[in-house]
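[1] the sequence and its predicted three-dimensional model are supplied below.
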Protein chains: 2
Amino acid sequence: MGGDFDLEAFLPYRLNRAAELVSLRFAVQYKAKYQITRPEWRALAALGFHGRMTATEIGAHSTMHKTKVSRAVKALEAKRWLRRIEDSNDRRTEHLELTVLGQRSYREMAQMAQDYERELALLFGEGGLNQLERGLTALENAMLSGMGKRRPRAGTKQG
Amino acid sequence: MGGDFDLEAFLPYRLNRAAELVSLRFAVQYKAKYQITRPEWRALAALGFHGRMTATEIGAHSTMHKTKVSRAVKALEAKRWLRRIEDSNDRRTEHLELTVLGQRSYREMAQMAQDYERELALLFGEGGLNQLERGLTALENAMLSGMGKRRPRAGTKQG
DNA sequence: ACGTAACGGTTGATTTTGTAACTATCAAGG
DNA sequence: CCTTGATAGTTACAAAATCAACCGTTACGT
């Protein structure tokens, strides 16, 4: 039908589908086990991996809208998984870092993530995985640097 | 910090980000021009590309939850871009097909999509694109066939 | 100092999405 | 036929996402 446009090959379509397939399976696991939402897992991961950072940084880095970050942080704080630390120079910003409890949860989930990754790796072979990763890298570089449009700054649209 | 888990390299994370980056830019275009949502575009594309199909088929094919499809179809119908056709054997199902108006819109958007694709292609070179596509193919095959868990049937979870 | 603008972050309202329950239909058995 | 179970699709309600306005603070020009 219509034209020579191939929907099945259309990149946005394929990427969305792939992202869903891959991340949904994982999300099910940690949701079941830790009762946390995706934004919470993301914030936790960012903090666990990078160490102390501000809410804005988390957002910029994990492409989350600032309100999402704000709520995720609040939830994690309620769980006593992170604490806020005031900045001595600027009283607007607050530095966030995981508590011991939070660190432990992070490690467990990181382990889960690694297991999942391994599962994926042997599921579609090193070859396919490497190709995919290189492709993603190429894409990221192109999109973030090259593209005509300015990239969103911290606290802007997410996705 | 914590363990040898590399968040930046974690596939679900990267794929989500990539999908967002790539499809958001495109979504902005058709939203601005045609006032339709992403599920609507997806349904339109599926119908335009494959011709007549049922709601369930659209969902299965484009990985959309059936309620999403239902609402998208309703919206497209309201725009007079598609019509429902009853099945003579089974009165539960309804076949959907684009009206002339819908077909025209589809063609225009398909053109837009192709332009965007070309833009992407030259942005990160044939090489990167091919790698990415091969990687995606590997992933799709692995996830859909190989995976231990039964794959979602029509009308199940989306993403 | 002072006014204006920008920033970090939070909150409430609106919109979108997913979940679950429902209607109507069909298929298979007994 | 009549029950049981599955299916296609819609709808009501709950959870989540986005949007817009806001507060307190800082930066800057004058």
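    Nice, I can see it. Numbering: from 1, shown residues only, chains lettered A, B, ... in the order given.
[2] and stretch A:93-108, how far out from the chain middle?
    Distance of stretch A:93-108 from the chain centroid (C-alpha atoms, centre = their mean, to the nearest Å) equals 16 Å.
[3] quick one: the strands in chain A?
    A:53-54, A:82-86, A:94-98 (DSSP state E).
[4] out of those strands, which gets nearest to DNA strand C?
    With respect to DNA strand C, and counting by C-beta to the nearest atom of the strand, the nearest of those is strand A:53-54 at 3.8 Å. C-betas here are computed from N, CA, C, even on glycine.
[5] and the contacts of the closest one?
    Contact with strand A:53-54 is made by A:46-47, A:61, A:93-96, as judged by C-beta atoms under 8 Å, 6 or more residues apart in numbering or on different chains.
[6] go through the residues you listed and say which is closest to DNA strand D.
    Looking at those and their distance to DNA strand D, the nearest is A:T93, at 8.1 Å (C-beta to the nearest atom of the strand).
[7] the closest one contacts A:T56, correct?
    Yes - using C-beta atoms under 8 Å, A:T93 is in contact with A:T56, at 7.4 Å.
[8] so, low pLDDT: which residues of chain A?
    The model of chain A has pLDDT under 70 over residues A:1-2, A:144-159.
[9] most proximal residue of it with respect to DNA strand D?
    Nearest residue of chain A to DNA strand D (C-beta to the nearest atom of the strand) works out as A:R91 at 3.4 Å.
[10] which parts of chain A sit against DNA strand C?
    Within chain A, the positions adjacent to DNA strand C are A:54-57, A:66-67, A:69-71, A:73-74, A:92-94, A:154-155 by C-beta under 7 Å from any atom of the strand.
[11] give me the buried subset of these.
    Neighbour counting over the residues of chain A next to DNA strand C (16 or more other C-beta atoms under 10 Å in any protein chain shown) leaves A:54-57, A:66, A:69-71, A:73 as the buried ones.
[12] nearest to B:F124, of the residues you listed?
    Using C-beta to C-beta, A:E57 comes nearest to B:F124 of these, at 26.8 Å.
[13] gap between the closest one and A:L120?
    28 Å (C-beta to C-beta, to the nearest Å).
[14] tell me what the residue nearest to A:E94 when sequence neighbours are not counted is bridged to.
    Counting by C-beta to C-beta, 6 or more residues apart in numbering or on different chains, the nearest residue to A:E94 once its immediate chain neighbours are dropped is A:R84, at 4.5 Å. With DSSP bridges as the criterion, A:R84 is bridged to A:L96.
[15] can you map out the helices along chain A?
    Secondary structure of chain A (DSSP state H): helices located at A:11-34, A:38-50, A:55-62, A:66-78, A:100-123, A:125-141.
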